[in-house]
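Q: Structure of the sequence below:
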Amino acid sequence: MLRETFREIRTARLVLRPFTEADRAAVVAIQTDPATNLFHPSPPDDSAGQILFDSWLAHWTEHGYGYCAVREHGHSSVLGLTGVRLRLFRGARVLNLAYRFAPAAWGRGYAAEAAGAAVEWAERELPEIPVVISVNVTNGPSLRVVERLGFTRFEEEVYEGAVSRHFRR
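A: Take a look at the predicted model:
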């Protein structure tokens with residue numbers, strides 16, 4: 001049960017807020033960009049990106065939280081996404097952490113800053129559900145973010161078509 005209604009999260013540089021329909025084009029473009037899918041064995045095309053976005057909006061409607069649009073303070077353009085959403089992992093309910101940013105936003109520490117804020121929110125508001133993240137073992141940049149966030153590796157397997165490491169806090 002949520003302790004407060006999710007509105008937005010502010011960090012030193014970023015604002016995380018619920019997706020709106022106005023974010024669709026930017027988020028689908030980020031999700032389907034070949035550069036953001038270098039480590040994805042089966043990247044989404046536009047149709048799959050639209051379906052993903054629809055599922056993320058539905059998660060917000062059902063649960064009152066989910067993946068968020070990320071922008072810089074004082075700017076309206078979407079740089080990326082982060083947040084948590086429910087999924088089943090080994091038959092248990094977990095909060096899946098995700099982060100993905102447009103290539104123009106890479107190298108600035110936004111992923112760790114935004115994902116860290118999302119994890120803090122989840123651990124405060126939904127402490128009974130563990131936060132996990134799954135990362136392709138060849139995705140060095142994402143593995144460095146996971147390390148900066150203080151996650152611990154607990155399993156490695158083929159997941160969604162690639163050898164992945166699963167982490168939890």
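
Q: Disregarding flanking residues, what is the spatial nearest neighbour of residue 37?
A: residue 43 (3.6 Å; CB to CB, 6 or more residues apart in numbering). Any C-beta I mention is one placed from the backbone N, CA and C, and that applies to glycine too.

Q: Just confirm the one you found contacts residue 32, I think it does.
A: Yes: between residue 43 and residue 32 there is a contact at 6.9 Å, judged by CB atoms under 8 Å.

Q: what residue is smack in the middle of this protein?
A: residue 98 (2.0 Å; CA atoms, centre = their mean).

Q: what's the helix or strand hosting that residue packed up against?
A: For residue 98, the host element (DSSP states H and E) is strand 92-101. Counting contacts by 3 or more CB pairs under 8 Å, 6 or more residues apart in numbering; DSSP states H and E, strand 92-101 packs against helix 24-32, strand 80-89, helix 110-125, strand 131-136.

Q: Same list (the ones you listed) but as CSV, adding mean pLDDT and distance to residue 63.
A: CSV is the format used below for those (pLDDT from 0 to 100; distance: least, CB to CB, whole Å):
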stretch, mean pLDDT, distance to residue 63
helix 24-32, 97, 18
strand 80-89, 96, 6
helix 110-125, 97, 11
strand 131-136, 95, 15
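
Q: I appreciate the help and will end here.
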